[in-house]
Structure formats: structure tokens, C-alpha cells
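J.: no sequence on hand, only this structure:
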């Protein structure tokens, strides 16, 4: 059961790593997805004997790993999972391809060259894929795939599979715990009950899938998975609405204050006219009302101008941040694309070897 718990933790670890706030995490997911796809195409395009040309492509995962500030141990463990499969695929090549060639001043068979080529290609492609998920997250990755016109059926299946693997593992963990409580003196699950255990797990997952489908339909699911990428736009519109409402409230408050001052002034003038001469009271009331109205209008104008200047400053800052981030996204994609093309055309390790040796 500890293995199941560890598997659940490892799945959720990618979601925690994708929430980091580094320069690599802030890159647009479309740019990262396109860069990773092009990287995989360039790495796979090398022949089975071209090993020196693969060496410059090591810089991409190393640089991404460094700037993303990812933990070293969990990422290496993820890469080591595929190591037995890589060894199983290429370990027989040295026994079938025994022709010797000179590589780096040493005699080596072509079978070992092909094995080394398979090993390097596999590790580079798997590391690039793991880094893409760890720096982007499954939700943003699905958003990027939809932007690239990937069919939504495929994207939805990928998301639901990724999200509910942990649910399946938790269900298996509960069933394993229930079995161990009913058979305390037995290690693991007996071979005789594997069939019934798998059948119960299948029935429970089927019931869970039916309940999930019904709840999604009740919530208006239309086949499109919304990742919440437009929250920033909604927040900006809400902030603009709040600014407009504050401006209108300020203007209404200023008008109300001016009206109240005028009414108070008129009442004061009428009272003073009853007690003193009417001409003096009228002149004093007119002068006081004009001064109060001018002061209130000046205060309302100043508040409106300050609010408008603050909103314009916020808009300018938001636009500048958007422009700077867009520039970084384009530079990220174009810079790595140029590096991949140059590294593919020119075999730098071979050129350096011919120069220095």
C-alpha cells in the first residue's frame, strides 16, 4: 500500500512544481509546447550512428532545469523509471551489429554505437517531456493544445486520464487496506483473489465514472474543458467596473454635498433675513454658496482626475507587462529554434575535435 501512496504523491508533485513562479514557468504554454515538439523532432532526426551531433542538445534540458529551479531528486527519479525500458530495447544491438569502427580514437562495434544513440535520444526526449509537464502543468498544457487546434476529444481524454489516475489509485489503496484488515497475517494480496479484486475495482470505477458524468451534465458540460485562462481578463473588467462605480459614487457624493451646502446656505440666508436686513443676508448667502459650490466642484474634479490618472497608470502598467511577457515568449521560441537549427546543421563536437586533435 505504501507504493500506491507514493504513486499518488508523485502524480501530485507535478501539479505542485507547475505552480512555481520562475521565469520558465511564466513563459506562454504554447511557446513551451512548440519548442518541446521541435526539440523532439530534431533529436529523433539523427541517425543511429550520429552520436556527436546529439551532444549540443543536452543544453536545452539542463538550462530549463536550472532556470525553472526544480528539485533534482524527484526529476531524476522520474527519468530513471524509463531506464529499464531503454536498456531492454537496445541491449541486443551489440550482439547483432559487430562491425568495428573508430570512435573518439577507440575501436568500437556499431552495435554499441546504436545502443548509445538510443540511450541518449531516449533520455533527452523523456527529460524534455518531464520538464514540460513540471514547468507548465496539465491544465495549461491542455490550453496550449487547444490553441494549436488539437481535437478537444483527445485533449479531454488526456485531462480526465491524468486527473483520475490518482482517484483510481486511492480506490485501490482503500481496497488494499480493507483486505489487509480482514487478513492480518498475510502479506499482500493472495493470488487466488486477484480476479475478484480486479473485478471489484472495475465495478467501483465504473460507478464512479457514471456519477462523474451525471454531475458534469448537471453543471452544463458541453464537451469543452475550461481551464480558467481568462480569469485575468475578468479581473481586469471587474476592476474597471469598480473604478467606474467609484468615480460615479464620488461624483454623486460631490453633487449631494453641493446640494446640501446650497440648501443649508439658503436656510441660513432666510433665517438671517428674518433677523437682519434682507439685502445683507442675500449677499452673504450668495457669496457663501458660490464659494462652497466652487470648492465642491474643485474637489470633485480633482478626485475624478486622480481616479482617471490612476486607472490610466494601471492600464499602462498592465499593457507594458503584457508586451514584455509577449516579447519573452517570442524570444524564447525563436532563440531555441535558431539554436536547434544551428546545432543540427553544424556538428560542433566533430568540428572541435578536428580543430584541436
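T.: Now that the structure is in, tell me what you want to look at. Treat the numbers as computed from the prediction; the structure is a model and nothing was measured. Numbers count the residues shown, from 1 in each chain.
J.: and the strands in this structure?
T.: Along the chain, counting by DSSP state E, strands occupy 100-103, 106-109.
J.: quick one: contacts of the last one?
T.: Read that as strand 106-109. 94, 97-102 (CB atoms under 8 Å, 6 or more residues apart in numbering). Backbone N, C-alpha and C define where each C-beta goes, glycine included.
J.: in it, what's buried?
T.: Neighbour-count burial for strand 106-109 flags residue 109 (criterion: 16 or more other CB atoms under 10 Å).
J.: go on, stretch 24-36?
T.: Using 16+ other CB under 10 Å as the test for burial, stretch 24-36 gives 24-25, 27-36.
J.: same check on stretch 131-142?
T.: Buried-residue list, stretch 131-142, by 16+ other CB under 10 Å: 131-142.
J.: between the strands of the chain, which has the poorest mean confidence score?
T.: Of all the strands of the chain, mean pLDDT reaches its minimum on strand 100-103 (a mean of 76).
J.: strand partners (parallel or antiparallel) of it?
T.: strand 106-109 (antiparallel) (DSSP bridges).
J.: farthest pair in the buried residues of stretch 24-36?
T.: 25 and 34 (16.7 Å; CB to CB).
J.: tell me the mean pLDDT over stretch 79-91?
T.: 87.
J.: show me the shaky parts of the chain.
T.: Low-confidence segments of the chain (pLDDT under 70): 1-11, 104, 224-323, 348-357.
J.: go again with 80.
T.: For the chain, applying pLDDT under 80 flags the ranges 1-12, 97, 100-107, 163, 166-167, 169-170, 183-193, 221-323, 347-357.
J.: list only buried entries from the contacts of strand 106-109.
T.: 94, 97.
J.: show me which pair in the contacts of strand 106-109 is furthest apart.
T.: It's 94 and 102 that sit farthest apart of those, by CB to CB, at 16.5 Å.
J.: all helices of the protein, in order?
T.: Along the chain, the stretches classed as helices by DSSP state H are 2-18, 29-44, 59-68, 72-81, 83-90, 93-96, 110-136, 138-147, 152-182, 194-218, 231-275, 278-345, 348-356.
J.: if you count contacts, what does the third one end up packed against?
T.: Applying 3 or more CB pairs under 8 Å, 6 or more residues apart in numbering; DSSP states H and E, one finds that helix 59-68 contacts helix 110-136, helix 278-345.
J.: equivalent analysis for the shortest one, please.
T.: Contacts defined by 3+ CB pairs under 8 Å, 6+ apart place helix 93-96 against helix 110-136.
J.: then the fourth one?
T.: Helices and strands touching helix 72-81, by 3+ CB pairs under 8 Å, 6+ apart, are helix 2-18, helix 110-136.
J.: can you check the fifth one too?
T.: The helices and strands touching helix 83-90, judged by 3+ CB pairs under 8 Å, 6+ apart, are helix 110-136.
J.: could you list the buried residues of the helix it packs on?
T.: Neighbour counts over helix 110-136 (16+ other CB under 10 Å) mark 110-128, 130-136 as buried.
J.: got the angle for that helix vs helix 83-90?
T.: On the basis of axes from the mean of the first three to the mean of the last three CA atoms, to 10 degrees, helix 110-136 is oriented at 150 degrees to helix 83-90.
J.: would you mind getting the angle between helix 110-136 and helix 152-182?
T.: 90 degrees.
J.: now do helix 110-136 against helix 138-147, angle only.
T.: Using the same axes, to 10 degrees: helix 110-136 against helix 138-147 is 100 degrees.
J.: out of the buried residues of stretch 24-36, who's nearest residue 173?
T.: Proximity of the buried residues of stretch 24-36 to residue 173 was ranked by CB to CB; the top entry is residue 25 with 30.8 Å.
J.: quick one: that closest one and residue 16 touch, right?
T.: No. When contacts are counted by CB atoms under 8 Å, residue 25 is not listed as touching residue 16 (12.0 Å).
J.: end-to-end on stretch 66-86?
T.: Using CA to CA, to the nearest Å, the end-to-end distance of stretch 66-86 comes to 25 Å.
J.: so for it, what gets flagged as buried?
T.: Buried-residue list, stretch 66-86, by 16+ other CB under 10 Å: 68, 70, 74-75, 78, 86.
J.: just stretch 17-24 next, same as before
T.: The neighbour-count check on stretch 17-24 (16+ other CB under 10 Å) flags 17-18, 24 as buried.
J.: dump those residues to JSON lines, plus distance to residue 57.
T.: Compiled in JSON lines, the buried residues of stretch 17-24 are given as follows (distance: CB to CB, whole Å):
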{"residue": "17", "distance to residue 57": "23"}
{"residue": "18", "distance to residue 57": "24"}
{"residue": "24", "distance to residue 57": "18"}
